[in-house]
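# My questions concern the predicted model and sequence given below.
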Amino acid sequence: MKTIIEPFRIKSVEPLRHTTVEERERFLAEAGYNLFLIKARNILIDLLTDSGTNAMSTEQWAAMMRGDESYAGSESFFRMERVVQELTGLKHVIPTHQGRAAERILFTVLCRKGHVIPNNTHFDTTRANIEFSGARAVDLPIPEAADTQVRLDFKGNMSVAALERLIETEGVKNIPLVMLTVTNNSGGGQPVSLENIAAVKRVAARYGIPLYLDACRFAENAWFIREREPGYAGFTPKQIAQKMFSFADGCTFSAKKDAFANIGGLLCTNDDRLAVLETNLLILTEGFPTYGGLAGRDLEAIAVGLEEVLDPDYLRYRIVSTGYLGRHIADHGVPIVEPPGGHAIYIDAERMLPHIPKDRFPAQALAVELYRHAGIRSVEIGSVMFGANAQHELLRLAIPRRVYTQSHIDYVVEAILEVSEHRDRIRGLAIESEPPLLRHFSARFRQL
Ligand SMILES: Cc1ncc(COP(=O)(O)O)c(C=O)c1O
């Protein structure tokens, strides 16, 4: 059979609430045209993020009842630690309340002013935490990734030549780690090949620099490798994920993505000395090392989720259903980042709305219009989020895991195509107020 169905059935449901265009216009004005500031009850389909928005399984809910809430030495921690060690092969597993807490601890320990941290493309919190430590975050995607329309199997790869050049010009002592984000979220949710991970590791190892994976979407990346990289079709997603991690000296991880959890993160390392420094910082702000800011039940949900996410039926459905949204809008003329990524579809707003210049935030304007028109929340990944560092003006439609059915996605397709029909009437925005860091979360805009 050609039809790929959701590999789950629904046991518990949450109602969705319809609103009118007039109501949404009022909500937008009240929120300063920033969709982060709109109440969730006023959203019909929420594609703001795939982070922490996962639907948990019966097994995860059952495991949560087993959660050991002991302050120290919780059984739930050791269960989770075993799963993570088996998957990653990494020695020290430090739980945190979410991914950015792992980033903050890692960069506080490793980075200082004058340091440079390369990545294929840094995610916003990663960049912000690096800059907060005084270091500089540098993106080194392959040059072909600059063209949103080019279809490559592994468009998330890092440019190995650019990495070598950076190390030569900045000096080894100024590069405390190299990072690779799998999949490359800010670069369109595009995967990184095993060949590229191995090549980056070879360069980093030659200079004695540790390689860290930002592993939020490791399972989706593993599936793309299985489908696209010669030689891996016969491997299980777990075997491929293990191979990916075998090149890493450490990782940061947000369990809000590919662990099917609603909260949680991890910082892992093979370095005993670093682990001590990191654990000391953990205790200062996150908590004792066997819970790190999480409840025992959260650790259980992560442990089960990390195993469930590697189910081939799930991963096949996940990648095919994301592609379904992408193909159905792209084939009707909406420019997306090609090819479709793993967790999200990214509309190239600069191409779709050429009448809105970059400094009037075309992707934010599109996000506002999609909400006004159909109650769908998406997120700008462009000049609002990254300022002058933005390579593109993208609108991301991130798909929560196991949450929406195909009819929800068909509604999204229809809404985007209707917005596309009247795209000439969409107006740009100007910023009215903004905070000093991560401005996209709370900036306010006015319509021009
Ligand atoms: C690639 C990447 N790294 C890091 C993070 C940060 O994780 P968290 O939101 O759990 O702090 C995210 C979250 O979206 C991400 O996509």
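Okay, I see it.

# In this structure Cys111 contacts Ile130, no?
Yes: using C-beta atoms under 8 Å, Cys111 makes contact with Ile130 at a distance of 6.3 Å. Placement of C-beta: from N, CA and C, glycine included.

# Tell me the residues that contact both of the two, please.
Common neighbours of Cys111 and Ile130, counting by C-beta atoms under 8 Å, 6 or more residues apart in numbering, are Ile117.

# Show me which of the two is the more surrounded one.
When neighbours are counted by other C-beta atoms under 10 Å, Ile130 comes out ahead of the other of Cys111 and Ile130, with 25 against 22.

# and the gap between the nearest residue to Asn221 once chain neighbours are set aside and the ligand?
Across the structure, with C-beta to C-beta, 6 or more residues apart in numbering as the measure, the residue nearest Asn221 apart from its sequence neighbours is Val182 (4.1 Å). Counting by C-beta to the nearest ligand atom, to the nearest Å, the separation of Val182 from the ligand is 8 Å.

# Angles on the backbone of Val93, please.
Geometry field for Val93 lists phi and psi as phi -120, psi 110, criterion degrees, to the nearest 10.

# Neighbours of Trp433, how many?
For residue 433 the amino acid is Ser, not Trp. The burial metric for Ser433, expressed as a neighbour count using other C-beta under 10 Å, is 10.

# Check what pLDDT the residue nearest to Asn221 gets.
In this prediction, Val182 carries a pLDDT score of 98.

# Hmm, it is touching Ser193, no?
No: the criterion here is C-beta under 8 Å, and Val182 misses it with Ser193 at 10.0 Å.

# So between the two, which is more surrounded?
More crowded of Val182 and Ser193, by other C-beta under 10 Å: Val182, with 31 against 21.

# so what's Ala303 up against?
Neighbouring residues of Ala303 by C-beta under 8 Å, 6+ apart: 63, 76, 79-80, 82-83.

# how close does the residue nearest to it when sequence neighbours are not counted get to Val384?
Residue nearest to Ala303 in three dimensions, not counting chain neighbours: Met80, with 4.2 Å by C-beta to C-beta, 6+ apart. Counting by C-beta to C-beta, to the nearest Å, the gap between Met80 and Val384 amounts to 36 Å.

# What residues sit buried inside the lengthiest helix in the chain?
With DSSP state H setting the assignment, residue counts place helix 312-330 as the longest helix in the chain. By neighbour count, with 16 or more other C-beta atoms under 10 Å as the criterion, the buried positions of helix 312-330 are 314-319, 321-326, 328-330.

# which residues are contacting it?
Here helix 312-330 makes contact (C-beta under 8 Å, 6+ apart) with 4-7, 189, 219-220, 222-224, 227, 236-237, 308-309, 336, 338-345, 347, 397, 399, 401-402, 406, 409, 412-413, 416-417, 420.

# can you tell me which of those are in helices?
219-220, 222-224, 227, 237, 308, 406, 409, 412-413, 416-417, 420.

# show me what contacts the residue of the stretch 251-400 of the chain found nearest the ligand?
Closest approach between the stretch 251-400 of the chain and the ligand, counting by C-beta to the nearest ligand atom: Ser254, at 3.1 Å. Shown here is Ser254, whose contacts under the criterion C-beta under 8 Å, 6+ apart are 51, 98-100, 102, 216, 264-265.

# same check, this time on Glu220
Under the criterion of C-beta under 8 Å, 6+ apart, the neighbours of Glu220 are 183, 189, 191, 258, 315, 318-319, 342-343.

# Out of the residues you listed, flag the one nearest to Arg41.
Closest to Arg41 out of the contacts of Glu220 is His343 (24.3 Å), distances taken as C-beta to C-beta.

# Ramachandran angles for Ala233?
Reported as degrees, to the nearest 10, the phi and psi values for Ala233 are phi -60, psi -30.

# so what's it up against?
Residues near Ala233 by C-beta under 8 Å, 6+ apart: 226-227.

# what residues does the stretch 101-250 of the chain put near the ligand?
Within the stretch 101-250 of the chain, the positions adjacent to the ligand are 123, 125-126, 181, 185, 214, 216 by C-beta under 6 Å from any ligand atom.

# quick one: which of the residues you listed is most hemmed in?
Per-residue neighbour counts (other C-beta under 10 Å) across those peak at Asn185, which has 30 neighbours.

# show me the residues around Ala261 that make contact.
Under the criterion of C-beta under 8 Å, 6+ apart, the contact list for Ala261 reads 52, 54, 56, 60, 255, 298, 301-302, 305.

# Got phi/psi on Pro435?
The phi and psi values for Pro435, taken as degrees, to the nearest 10, are phi -80, psi 170.

# quick one on the thing from earlier: what about the residue nearest to Asn221, distance to Val160?
Here the criterion is C-beta to C-beta. By it, Val182 lies 16 Å from Val160.

# and if you look at Glu30?
As judged by C-beta to C-beta, Glu30 and Val160 stand 48 Å apart.

# ok, back up a step: list buried residues within the contacts of helix 312-330.
189, 219-220, 222-224, 237, 308-309, 336, 338-345, 347, 397, 399, 401-402, 409, 412-413, 416, 420.

# Identify the residues contacting the closest residue to Gly208 other than its chain neighbours.
Residue nearest to Gly208 in three dimensions, not counting chain neighbours: Val172, with 6.9 Å by C-beta to C-beta, 6+ apart. Applying C-beta under 8 Å, 6+ apart, one finds that Val172 lies in contact with 207-209.

# List just the nearest of those residues to Leu140.
The shortest distance between Leu140 and any of the contacts of Val172, using C-beta to C-beta, involves Ile209 and amounts to 13.5 Å.

# So what does the closest one have for phi and psi?
Dihedral angles phi and psi of Ile209 (degrees, to the nearest 10) take the values phi -100, psi 130.

# Looks to me like Tyr212 is in a helix.
No: Tyr212: not assigned to a helix; according to DSSP: H, G, I helix; E, B strand; the rest coil it is strand.

# State the number of residues packed around it.
When neighbours are counted by other C-beta under 10 Å, Tyr212 registers 26.

# Quick one: residues contacting the nearest residue to Ile240 once chain neighbours are set aside.
Across the structure, with C-beta to C-beta, 6+ apart as the measure, the residue nearest Ile240 apart from its sequence neighbours is Ala222 (4.1 Å). With contacts defined as C-beta under 8 Å, 6+ apart, Ala222 is in contact with 237-238, 240-241, 244, 310, 315.

# which of these are buried?
237-238, 240-241, 244, 310, 315.

# Among those residues, which one sits closest to the ligand?
The nearest member of those to the ligand, counting by C-beta to the nearest ligand atom, is Met244 at 14.5 Å.

# So which elements touch the host helix or strand of the closest one?
Taking DSSP states H and E as the definition, one finds Met244 inside helix 237-246. Applying 3 or more C-beta pairs under 8 Å, 6 or more residues apart in numbering; DSSP states H and E, we find helix 237-246 packed against helix 75-88, helix 194-206, helix 218-228.
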